[in-house]
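predicted model follows, preceded by the sequence.
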Amino acid sequence: MKNKTNSCPNQSEKLKLISMLANKAIASIKNGSLKKRNLVWLELTGCSGNIISLLDGVNPGFRNLATQMVNIIYDNSLMVADGEAAMEKLFSIADDDYILLVEGAVATKDDGLYNVIGQLNGQPVTAYRAINELGPKASYVIAMGACACDGGVTAAKPNPSHAVSIQSVLNRKVIKLPGCPCHPDWLMGTLSYILLYGQPELDSKDRPTMFYSTLIHDICPRRPFFDQGIFAEKLGDKTCMFKIGCRGPVTPVDCPIRKWNQHVNWPIGDDSPCIGCAQFGFPDRMEPFISYNTTREE
Amino acid sequence: MSERIVINPVTRISGFLEIDTTVDNSIVSDAQTKGLLFRGFEKMLTGRSPFDAVYFTQRICGICSSAHAMASTMALEDAMDIAVPDQGKYLRDIIHGCEYLQNHIRHFYQYTLPDFIKLPQNNTLFAANQTDLRLPKPKNDLIALHYLDSLEISRSAHEMLAILGGKAPHNHGIFIGGITTQATKEKISRLYSLLHNIKEFIDNKMVPDAQTIAHYYQDYFDMGRGYGNFLSFGCFNNYSQLGTLYLNPFTYHDDVKQALDPDKITENIVTSWYTDQTDTFTPYETIAEPDRAKSQAYSWVKAPRYDGLPYESGPLARMWLSGEYRHGISAMDRTLARVFEAKKIAEIIKVLLSNLIPGVDLQQKYTIPDHTVGKGLIDTTRGALGHWLKIENKVISFYQLITPTTWNLSTRTGDNLPGPGEKALIGTRINDTASPIELGRIIRSFDPCISCATHLYRDGSLVNSVQIVS
Amino acid sequence: MSEQQLYNKDFEHIISEINNTIDSLYLTKNCYDKNKLLNNLRRQIANITMLMQNNRINTDSMIDPKNPTASKVFTPAELATYTGKDGNLAYVAVNGVVYDMTNVAAWGGATHFGLTPGKDLTGVFASCHDGQPILSTLPVVGVMAP
Ligand code: HEM
Ligand code: SF4
């Protein structure tokens, strides 16, 4: 299965791009021509899905990131320190150079108290405070996942925690990597590029064009079915998911080629519709995800 | 001498947690566990299409998303009166089993072990002032190496999941009727080979590593006991051909093992920041309204009870109820049970794989009844998970969630009995109050997931003044 | 400029873009640039597809969008039956013209960014797609009653 998918030149080129960037960054750091930079992984109001997704990445994977590419100063899911010591570590970086990765939205209700990420000097540190103190000083801010980019599921109607995107509290450039979760390649590619050359080319919504420029629908292997009007009636069918509510035609990202988890599969490949998790407006504006009862007779 | 020890954040868990303890003469005399994150999924789900619940509720949790897919799917099947064929059960239980493997491996190596071993201190991620590390250097360094090796293994557990589920986290596979796609010969053989590597790792590294830790930290067999009340909704069971491969729904209390009766489950909000007409209610009854101003409350985690009592759920509860692990009840037993369970789950997946028939299409065009109710109760990686839903006019009108961590890190009811996590902390001797490593070790043994458990948070502490940011 | 002229110009423009991209592809060795150029190529092909669809619709269509008065007239109540559900077609009105969204890719399952058919969406269209050449690519089925 693996060999088969890797033999697609389209896919292997896409995959090569990430490992080329990462290997180049790693080599430059090894030979001293690039400095290892500090990285802060700030998890706010979300589900920890982006750190799990990063751990699922390969070539380069988390091991490369943590041991060869950057100094991870803070990451609540994996760091050994805890309690105030962890918080001190986080805030002591503020005067240094660091790249800030954010997953999760920012809860703003009741002065941010719906999401407290720790305690410093006996005071609770809200997600809202953390992003406000650490966001402006970072050399780059990267929003990972639907929640950080656009509020995502955390801000879904009726948005009980009054969650907002990172951009709505920061008055600065925020590179956005939407997806629920963010694909590890999108993150590692963007990060490697930043380490090597600085900010990558972004589209009008600050998404790196190297990943977010082609609609799923334009490179979907089921496109011939769409063009011929052969539509799936139910999940599990091998034809076009359009009538069930596929969001591939409004979602510009490279899932059909890159695929997920060692590039083995993806939602449409699993005979289910794309739910537009990498498009702004997810989930509220992408629902209903699955509809059987549409323009076709029952 | 009375002292207050607060740990916030408790890192290396899922989500945000505070441990707040009072220590008298080195002994924890009182403890509160507080979840610090609120998103309010129950409210969000109201008004949405019932089919969407399966993908939507997965977003509750990034590390156990398949668990919510299972519970919501089962709740919908219950509501719509759909019987699932064995092939459908096998396929989705394989997906769910892969989530167990991923979770248990990551929890043991990435979340638990750093409390017991020294990882390379020149790495900023691992640098910390740790105390009470007891492993001799060669053993320590070998396990530290396995920490890195394990990354590849847990990753391939998610690769297995994606082969059937499309992607992980937040898979597309688990759905009404089983899974969306069909098994193929190619997929099955790929799954076998990935499983083989994972099993090798568990047998040859993970189990011995856990035994090494247990050997050097024997005192943890006497710490963090909790109540010893266990509850499970069952998992890997109800196959018409294979019967039960793991466990049926049971409870354990006072040395008596009994079949679980879901009608005995209640939730209580006396010490949680919610109000309602009643403090105690059954899952179908009501979704309590958040109320920050409630005076006697100290946390936003609710207090689920079974027959009025707090119960622990999770790997130790399951292994205890199935009779496969009866060594003891403690922090170390919880960790060992989780590791042994990983081995068992790998074996179960192998059995399920060998029973798959390629090419069975499990999907239909479903229609939603106008009015119906349904529940999905299933044991998942961290323990007993329940989804209760009502459908009116073809949309979700009510959605109740009780997650494993709500059981384990439950708050108190009117009788002031602490939750299982709190109970496990109370009575613990803290060697060095400047470095209370015992607390983290005990609470992590529960594998808490606050993203799942909390519905609302506010700092309930009356000692600290709450800083207002705007 | 007539529709046809506009169409021809767009077409030529995109073809020259594609030629440019291919020229650059010959020159580039860098994997990053190559991927970027290939992404561009995909985009340009998608644009051509859209133009072709546009042309096909305008020639196939029984109704002249420039002179829609001769076509079927919908009352709001009539439009409201084209809900895209229960086997009904999906019609949407914008600026007094009624479009058939039933087989428009961006309206998968007959919904689009939380919008449902059977309605006049002039306001939302203006707020979401102002200045984008979208309407001319959609099949016209009639006009709204004045
Ligand atoms: C809530 C307001 C709306 C939003 C946020 C919205 C958003 C979008 C977005 C983001 C895309 C482009 C995907 C891409 O190419 O990257 C798109 C495409 C499209 N939208 Fe909308 N839209 C809205 C309203 C409408 C309305 C009212 C119509 C109907 C007349 C419409 C018809 C279309 C069509 C036909 C396309 C495909 C265009 C193409 O092929 O390039 N949209 N919409
Ligand atoms: S499955 Fe979705 S993305 Fe693929 S061709 Fe059909 S509508 Fe387009």
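Arrived safely. Ligands and ions are numbered 1, 2, ... in the order given.

just the pLDDT for residue C:71.
Looking at residue C:71, its pLDDT reads 72.

let me fix that: residue C:65
Looking at residue C:65, the pLDDT reads 53.

equivalent analysis for residue B:390, please.
pLDDT, residue B:390: 97.

what does the one 4 residues further on give?
Here the pLDDT value assigned to residue B:394 is 95.

how about whichever residue of the stretch 251-400 of chain B sits closest to ligand 1, what does it touch?
Residue nearest to ligand 1 within the stretch 251-400 of chain B: residue B:395 (20.7 Å; CB to the nearest ligand atom). For every residue, glycine as well, the C-beta is placed using N, CA and C. Going by CB atoms under 8 Å, 6 or more residues apart in numbering or on different chains, residue B:395 touches B:47, B:48, B:49, B:50.

can I get the residues you listed in CSV including neighbour count, secondary structure and pLDDT?
Formatted as CSV, the contacts of residue B:395 follow (neighbours: other CB atoms under 10 Å in any protein chain shown; DSSP: H, G, I helix; E, B strand; the rest coil; pLDDT from 0 to 100):
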residue, neighbour count, secondary structure, pLDDT
B:47, 12, coil, 96
B:48, 20, coil, 97
B:49, 18, coil, 97
B:50, 28, helix, 97
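
could you redo the residues you listed as TSV and give each row distance to ligand 2?
As requested, those are exported to TSV (distance: CB to the nearest ligand atom, whole Å):
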residue	distance to ligand 2
B:47	26
B:48	22
B:49	19
B:50	22
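
list just the nearest of the residues you listed to residue A:117.
Distance to residue A:117 across the contacts of residue B:395 (CB to CB) is lowest for residue B:48, with 28.5 Å.

sec struct for residue B:22, please.
Residue B:22 carries the three-state label strand when classified by DSSP: H, G, I helix; E, B strand; the rest coil.

neighbours of it, how many?
Close neighbours of residue B:22, defined as other CB atoms under 10 Å in any protein chain shown, add up to 15.

check the one 5 residues further on too.
Other residues near residue B:27 number 12, with proximity taken as other CB under 10 Å.

quick check: bridge partners of it?
On DSSP bridges, the residues paired with residue B:27 through beta bridges are residue B:24, residue B:429.

my read: it touches residue B:433, true?
No. Counting by CB atoms under 8 Å, residue B:27 sits too far from residue B:433 to count as a contact (10.8 Å).

tell me the mean pLDDT over stretch C:27-35?
81.

and the end-to-end length of it?
In stretch C:27-35, first residue to last residue: 13 Å (CA to CA, to the nearest Å).

which one's the longest helix in chain A?
Using DSSP state H, we find that the single longest helix of chain A is helix A:9-30.

packing partners of that one?
If contacts are counted by 3 or more CB pairs under 8 Å, 6 or more residues apart in numbering or on different chains; DSSP states H and E, helix A:9-30 sits against helix A:2-6, helix A:184-197, helix A:255-258, helix C:31-60.

now do the helices in the stretch 51-200 of chain B.
B:53-58, B:65-80, B:86-106, B:137-165, B:185-201 (DSSP state H, counting those that start in this stretch).

contacting residues for the most centrally placed residue in chain A?
For chain A, residue A:182 is the residue whose C-alpha lies nearest the centre (CA atoms, centre = their mean; 2.3 Å). Contact partners of residue A:182, counting by CB under 8 Å, 6+ apart, are A:50, A:53, A:103, A:144, A:145.

tell me which element the second one is part of?
Secondary structure assigned from DSSP states H and E places residue A:53 in helix A:49-55.

list the contacts for the residue nearest to residue C:109 when sequence neighbours are not counted?
Distance criterion CB to CB, 6 or more residues apart in numbering or on different chains; nearest residue to residue C:109, sequence neighbours excluded, is residue A:245 at 2.8 Å. Residues in contact with residue A:245 (CB under 8 Å, 6+ apart) are A:273, A:288, A:289, A:290, A:291, A:294, C:108, C:109, C:111.

for those, work out which two are farthest apart.
A:289 and A:294 (12.9 Å).

those two - which one has more neighbours?
More crowded of residue A:289 and residue A:294, by other CB under 10 Å: residue A:289, with 27 against 24.

these two touch, right, that one and residue B:55?
Yes. Contact between residue A:289 and residue B:55 holds when scored by CB under 8 Å: they sit 5.4 Å apart.

low-confidence ranges in chain C?
Where chain C drops to pLDDT under 70, the residues are C:1-9, C:54-70.

now the helices for it?
Secondary structure of chain C (DSSP H): helices located at C:3-27, C:31-60, C:76-79, C:122-129.

deepest of these, which one?
helix C:31-60 (a mean of 16; mean count of other CB atoms under 10 Å in any protein chain shown).

contacts only, for the residue in the stretch 101-250 of chain A that chain B sits nearest to.
Residue nearest to chain B within the stretch 101-250 of chain A: residue A:160 (3.1 Å; CB to the nearest CB). Taking CB under 8 Å, 6+ apart, we find residue A:160 in contact with A:109, B:38, B:39, B:40, B:43, B:44, B:290.
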